[in-house]
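Enquirer: what follows is a predicted structure for the sequence shown.
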Amino acid sequence: MASKILQRLRPSPHKDQRGPGPPEEPPEIAELVDDPDMAVRLSGTLSFSEDSLVSEGSDGTEGKSLEEPKARPLLTQQLREMWANTEGHSVPIRLTFEVTEANIVRDVHAKYVMYTIFLLHSGQYDPSPAFITCRYSDLERLRKSLRSHYPEEMSNVSFPHKRLHKNFTAETIAKRSRAFEQFLCHVSSLPALRRSPKFLGFFYLSDMQKAQRLTCTGLYKLALPLWTNCWRLQEKLCPTWASTHRLLVLDGLVVCHLELDTLADAQAYSEQALALLQASQEQNVTLLIAFLQAHIQLSWRVGRDKRDSEAALMKLKEAGHSMSNTPTLKEILIKATID
């Protein structure tokens, strides 16, 4: 992958004819692992932008878009070929990370590179890959946090070094992009790290907080893409866990779709929430009642069967749980502390 990226991003020798400049610095070391299998999994296409001006948003954030990147390669060509060649054979499903864009951002305070990293499942067609945008410093903070809490597991995980010069050359950005892919793949392959709140929160916690603020202020169209991407991230990172974060994301999705009158989607997400809650050993009764009430209302409005939810709600009532003072999904979302 690195060679392909470097060929695409290497500056043209005809752009500068002013003679030889200062001697080249030695290449970065100890930041890439020579792993042939990794190269097969990660050989994608990196889109590089020389300049990108990012204005500060209304909520004080910068650099991160509320919508998915316009140039969105769902799958790399090599993954497509792999699936075509393995038709009829069992292929292990893995979570892979692919840097698809690297934009140099200039604002009044700093200049930095913003990386767009897609998460997708290899070994099967993935119609809805999730993505994050982050800077070198964001990933470095993640590495330091994981090393602090999991020193043994992180002892052999490599990470690209800082550089004093040439941080914005195409070659440096391409090398770092591949190193970030390897770093995230390595961390996610270790069960203790993949399940850690520090690792999971890195991917979706800030977006959850932004989506909550937007939802609470009635900006449902802006909040919905954030909730949707959070859900896709969680589906890939923790597909079977009924965590509070996952239930709050489903809460946000139901509320936004309900307010935007896309009732079928709201009903479908309420069903997913009920499936997680009912499979969980430690049920959140407040959320369960709120989702049951929402599911009954939505199922009635879209013409779906609501009898199971009505029976479950009746059992909770017979067990002594009050229905009159139970907050709605929107009230729960407004009062929730996401951290």
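Expert: Yep, that arrived.
Enquirer: distance of Glu282 from Ala192?
Expert: Between Glu282 and Ala192 the computed distance is 21 Å (Cβ to Cβ, to the nearest Å). Where you see a C-beta, it was placed from the backbone N, CA and C, and this is true even at glycine.
Enquirer: what about those two, which has more around it?
Expert: A side-by-side neighbour count of Glu282 and Ala192, using other Cβ atoms under 10 Å, places Ala192 first with 14 against 6.
Enquirer: grab the nearest non-local neighbour of that one.
Expert: Counting by Cβ to Cβ, 6 or more residues apart in numbering, Glu153 is the residue found nearest to Ala192 once chain neighbours are left out, at 5.5 Å.
Enquirer: which residue ranges form the helices in the chain?
Expert: Secondary structure of the chain (DSSP state H): helices at 2-9, 36-42, 77-85, 136-149, 170-188, 191-194, 197-216, 220-237, 244-259, 263-279, 285-302, 307-318, 329-335.
Enquirer: who touches the fourth one?
Expert: The set of residues that contact helix 136-149 without belonging to it, under Cβ atoms under 8 Å, 6 or more residues apart in numbering, is 112-113, 115, 153-154, 157, 159-160, 162, 176, 180, 183, 187, 193, 196, 198-199, 202.
Enquirer: and the angle for it with helix 170-188?
Expert: Calculated by axes from the mean of the first three to the mean of the last three Cα atoms, to 10 degrees, helix 136-149 forms an angle of 30 degrees with helix 170-188.
Enquirer: alpha carbons of helix 136-149, in PDB - could you do that?
Expert: The C-alpha atoms that make up helix 136-149 are tabulated as PDB, following Å, rounded to 0.1, in the frame of the first residue of the first chain:
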ATOM      1  CA  TYR A 136      -2.000  12.900  14.700                       C
ATOM      2  CA  SER A 137      -2.400  14.400  18.200                       C
ATOM      3  CA  ASP A 138      -5.700  12.600  18.800                       C
ATOM      4  CA  LEU A 139      -4.200   9.200  18.000                       C
ATOM      5  CA  GLU A 140      -1.200  10.000  20.100                       C
ATOM      6  CA  ARG A 141      -3.400  10.800  23.100                       C
ATOM      7  CA  LEU A 142      -5.200   7.500  22.500                       C
ATOM      8  CA  ARG A 143      -1.900   5.600  22.500                       C
ATOM      9  CA  LYS A 144      -0.700   7.300  25.700                       C
ATOM     10  CA  SER A 145      -4.000   6.600  27.400                       C
ATOM     11  CA  LEU A 146      -3.900   2.900  26.500                       C
ATOM     12  CA  ARG A 147      -0.200   2.600  27.500                       C
ATOM     13  CA  SER A 148      -1.000   4.100  30.800                       C
ATOM     14  CA  HIS A 149      -3.900   1.600  31.500                       C
END
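Enquirer: can you point out the buried residues in it?
Expert: Of the residues in helix 136-149, those buried by neighbour count under the rule 16 or more other Cβ atoms under 10 Å are 136, 138-139, 142-143, 145-146.
Enquirer: for that helix, what is the average pLDDT?
Expert: Helix 136-149 carries an average pLDDT of 96.
Enquirer: with adjacent residues omitted, what lies nearest to Lys221?
Expert: Excluding the flanking residues, the one nearest Lys221 by Cβ to Cβ, 6+ apart is Leu260, at 6.8 Å.
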